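>>> Quick one, fold the following:
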Amino acid sequence: MEPKNILLEMKDYIIEMGAETINWCMQCGLCTNLCPWRLVPGQTSEEFNVRYMQRLGQMGIEGFEDENMLFACSTCAMCQNSCPRGVKIIDNVRAMRSSIIGGGMPPAGLRPILGSSHANGNPWSGPREKRTQWQEGLDIPRFGPDTEYFLFVCCHSCYDTRSMKIARSIAQLLLRGGVSFGVIGAEENCCGESMRKIGDEELFQKLAGANMELFAANGVKKIITTSPHCLWSFKNDYSALGAQWEVFHYTEVLCRLVAEGKISPSAKSGKKTCFHDPCYLGRHSGIYDAPRELLRSIPGTEIMELRRSQESSLCCAGGGGRIWAEVPMGERFGELRVLDAVSTGAEVLATSCPYCVNMITDACNSLEKQEVLEIKELSELLVESL
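Sure, this is the predicted structure:
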């Protein structure tokens, strides 16, 4: 087959996998200028170029000579939300990645992640029977016919010791607020959002199909998520597959409980606190007010806005499968986030995403700023105030 025909076939494949807007790109370069990789030094920042990546897709070339460069995108949506042509850049990236994943050539660092998701239903190499270990010591109800909300706990919070505290805090707050909620248990699978962004469409369809069947069998109608990534996937990816649930991030539910007086933070914080807007809660889902309302409900909290906040929030670099990437010190977005918070005089940097907590905590530790800045998940601050 002639090289020209091969490129045309590859372009058709990329478009078929979701890059319907790949030809809309007019190569203005705004995406590259807005990319957070421009803010840090290192090889990735020098080689990763969003505009060039879109151009390769238009020509039917699936990625850079170094395929890992294609997987550098954290899907933060800063470029996509500002594109003057409305190009769905993230879908284009996902489609281009799928040509590599579908060919059986994922980057080495992602192979165990994808393998575990296939074998165990989660990317953290955790056995199914331990998916509920975060519940230990808590009386968490099982979802039943008369339960209003199904609480879906992110895989990260099911298996990572630090992140388990987030799931526990959220559950404690829901219990305190008298919310009718429950969990299903070890049968649950990863929502598959990161797997799809990595480019493994077959794996995503497998996980999503199993979850949809499980949720339907249990009569799920309303879902509370602990992670913005799960929120986005259930609302968008799953709805495109026919799911018809109401889906809420936990901050939305807790905000209502506080407004109704069912949760009343009383212990004073007395600390200067900044809030980091997670990409998938803010830019992707448009939720900015609920977490700030919850922070304001904690007596004595002095809320300080980061220089780059809300629509302009700086990505933690955990999306798009990057939470499993090894990034050298000095080249991490999270380090800039920590320095932003320290420059305001904040004592606490709060967020409401388990990925962000993980990435920013690691950055704080690498900068040795633990003595001056606490990294907290918003639900943990609320529990402390109760």
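>>> so how far is the helix or strand containing residue 251 from its chain's centroid?
Following DSSP states H and E, the helix or strand that holds residue 251 is helix 250-259. Centre-to-centre, helix 250-259 and its host chain are 20 Å apart (Cα atoms, centre = their mean, to the nearest Å).
>>> Give me the contact list for that helix.
Helix 250-259 is contacted from outside by 149, 170, 173-174, 177, 179, 224-226, 263-265, 281, 287, 289-291, 293-294, 297, 352, 378-379, 382, using Cβ atoms under 8 Å, 6 or more residues apart in numbering. For glycine as for every other residue, the C-beta is placed from the backbone atoms N, C-alpha and C.
>>> try it again with 6 Å
For helix 250-259, the surrounding residues in contact (Cβ atoms under 6 Å, 6 or more residues apart in numbering) are 170, 173, 177, 224, 226, 263, 290, 291, 293, 294, 297, 352.
>>> cool, stretch 361-381 as well?
So stretch 361-381 is in contact with 166, 169-170, 291, 294, 329, 332, 334-335, 338, 341-342, 348-350, 352, 357, 360, going by Cβ under 6 Å, 6+ apart.
>>> three-state assignment of residue 112?
helix (DSSP: H, G, I helix; E, B strand; the rest coil).
>>> Pull the number of nearby residues for the residue lying closest to it once chain neighbours are set aside.
Nearest residue to residue 112, sequence neighbours excluded (Cβ to Cβ, 6 or more residues apart in numbering): residue 125, at 6.8 Å. Residue 125 is flanked by 13 other residues according to other Cβ atoms under 10 Å.
>>> so which helix or strand takes in residue 125?
Going by DSSP H and E, residue 125 is not in any helix or strand.
>>> That one reaches residue 114, doesn't it?
No. Residue 125 lies out of contact with residue 114 (Cβ atoms under 6 Å); the separation is 11.4 Å.
>>> what about the spatially most central residue of the chain, distance to residue 243?
The centre of the chain sits closest to residue 229, judged by Cα atoms, centre = their mean, with a distance of 3.7 Å. Distance of residue 229 to residue 243, computed by Cβ to Cβ, to the nearest Å: 16 Å.
>>> now do residue 185
On the measure of Cβ to Cβ, residue 185 and residue 243 end up 20 Å apart.
>>> And for residue 106, the neighbour number?
The tally of other residues near residue 106 (other Cβ under 10 Å) stands at 21.
>>> Just the pLDDT at residue 3, thanks.
Residue 3 carries a pLDDT value of 52.
>>> typo on my end, residue 62
At residue 62, the model reports a pLDDT of 57.
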